[in-house]
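Asker: Here is a sequence with its predicted model. Questions after.
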Amino acid sequence: MKMDIVLIPGDGIGPDIVREAVKVLDAVMDKSGHTVKYTTCLAGGCAIDETGVPLPPSTLEAAQKSDAVLLGAVGGPKWDTVPGDMRPEKALLGLRGGLGLFCNLRPAILYPQLSAACPLKEEVVAGGLDIMVVRELTGGIYFGERGLSADGQSAYDTMAYSTAEVERIARKAFEIARGRSGRLTSVDKANILETSRLWRKTVECCATAYPDVQLTHLYVDNAAMQLVRAPRQFDVIVTENMFGDILSDEASMITGSIGMLPSASLREDSFGMYEPIHGSAPDIAGKDLANPLATILSAAMMLRHTFKLEEEAKMVETAVSRVLEAGWRTGDIFSEGCSKVGTRQMGTLVAEAVGQE
Ligand SMILES: NC(=O)c1ccc[n+]([C@@H]2O[C@H](COP(=O)([O-])OP(=O)(O)OC[C@H]3O[C@@H](n4cnc5c(N)ncnc54)[C@H](O)[C@@H]3O)[C@@H](O)[C@H]2O)c1
Ligand SMILES: CC(C)[C@H](C(=O)O)[C@@H](O)C(=O)O
Ligand SMILES: [Mg+2]
């Protein structure tokens, strides 16, 4: 198979971590005989600096023509004062919205080797943790009308959802839950928000087609609390855009670090954009300190979801597991008795472990 992949390294640690994921993808190509063509494109702060806009039309076009996109991260203090519509983060919304990527999968898996890096008590996570957060990605408050009054003294953002938008993400979540333990938690704020009441009603309607899936509803504040009290009660969580953003950062820390959580942003066909859930981490950018595993695991999700190469995806995940088993850790997941490595060495170790017997 020939894969046409657009790379968008972005800002901060973005280039560091994408470089390591490419190392690992190349190792997979060597072992599997597939071939890949990379096209590197600008988005985010670096695109503002080069072209004056966060998402150059050429980047969106290249992404549209490709099979899949691997993105690092965008943003940083340098661009924090630019007007809202021109911020680096707008590039992400432009890509997600422009490519129609409504379904964001964020798997929070606690590798048994990383139990010491999990901040929760041992007994709370005993038996492991494997939660799939299904986040609606092209609607809600991120994409609603917003504004600032002329005198700068008031502002608004609008959260809007249609039944159709809720239905398509709910169906995805039910399908995913059906393929796992059959438990689905829908998270909303139906005690306050009209959009959440529509969300809940629509999810309930969808549920009738999935009698084998056990559906429960939680308010988002309770869900945030339950995630640290008893995270093992969750299997698949489905929620709207902003709640999913916040809950996935929280879930990531239970797995040891935000540097461990990959994501896939999907639509109905096989195209996808893959990125770690964390940001550009300006505090550690360019210092060889970033954990590249979330990006490497995002590349594994790309092999699985876009290219349907399950075996190759598992090769990458097994390689990560083996490197952790051997005690190698970046600073964010380090614990006593382990060996500390930098971004580059972690990438090299995983690439070397790919396809090892
Ligand atoms: N998808 C994206 O591109 C994305 C996501 C979130 C934030 N951002 C942007 O990134 C910038 C920084 O945001 P922030 O500080 O709130 O969040 P962040 O995720 O960049 O960093 C939060 C903390 O986690 C650490 N961290 C993040 N990724 C890490 C990794 N791979 N290895 C080790 N440590 C890691 C950072 O050092 C920092 O201490 C902002 O401009 C924000 O808008 C972009
Ligand atoms: C940078 C921002 C737009 C983005 C989001 O909120 O979706 C990020 O936090 C993420 O989780 O991917
Ligand atoms: Mg986020």
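Answerer: Okay, I see it. Ligands and ions are numbered 1, 2, ... in the order given.
Asker: Break this protein down into its structural domains.
Answerer: Following automatic domain parsing, one finds the domains of the chain at 1-101+269-357, 119-254.
Asker: what about the last one, near ligand 1?
Answerer: No - on the criterion Cβ under 6 Å from any ligand atom, domain 119-254 is out of touch with ligand 1, staying 7.6 Å away. Yep, even glycine has a C-beta here, placed from its N, CA and C like the rest.
Asker: Now do the end-to-end distance for that domain.
Answerer: Distance across domain 119-254, first residue to last, is 6 Å (Cα to Cα, to the nearest Å).
Asker: tell me the most buried of the domains of the chain?
Answerer: Comparing the domains of the chain on average neighbours per residue, with mean count of other Cβ atoms under 10 Å, the densest one is domain 1-101+269-357 at a mean of 20.
Asker: Which residue lies nearest the spatial centre of the chain?
Answerer: In the chain, the centroid-proximal residue (Cα atoms, centre = their mean) is S263; its distance is 2.7 Å.
Asker: Quick check: phi and psi on the residue in the stretch 251-357 of the chain positioned nearest to ligand 1?
Answerer: Nearest residue of the stretch 251-357 of the chain to ligand 1 (Cβ to the nearest ligand atom) works out as G279 at 2.3 Å. The phi and psi values for G279, taken as degrees, to the nearest 10, are phi -100, psi -160.
Asker: List the residues that contact V350.
Answerer: E20, K23, V24, P292, L293, I296, V316, A319, V320, V323 (Cβ atoms under 8 Å, 6 or more residues apart in numbering).
Asker: how near is the second one to L101?
Answerer: Between K23 and L101 the computed distance is 25 Å (Cβ to Cβ, to the nearest Å).
Asker: doesn't A155 make contact with L148?
Answerer: Yes - with contacts counted by Cβ atoms under 8 Å, L148 reaches A155, the gap being 4.6 Å.
Asker: which residues touch the closest residue to ligand 1 within the stretch 51-200 of the chain?
Answerer: For the stretch 51-200 of the chain, the residue closest to ligand 1 is G75, as judged by Cβ to the nearest ligand atom, at 2.5 Å. G75 sits next to G10, D11, G12, G44, G45, R87, P88, E89, G279, S280 when contact means Cβ under 8 Å, 6+ apart.
Asker: Which parts of the stretch 1-150 of the chain are strands?
Answerer: Applying DSSP state E, counting those that start in this stretch to the stretch 1-150 of the chain gives strands spanning 2-10, 35-40, 68-73, 103-110, 129-136, 146-148.
Asker: dump the residue contacts of G244.
Answerer: G244 touches N104, R106, V133, V134, R135, E136, L137, counting by Cβ under 8 Å, 6+ apart.
Asker: Now with 7 Å, please.
Answerer: Counting by Cβ atoms under 7 Å, 6 or more residues apart in numbering, G244 touches N104, V133, R135, E136.
Asker: Closest to A353 out of those?
Answerer: For the contacts of G244, the closest approach to A353 (Cβ to Cβ) belongs to V133, at 27.2 Å.
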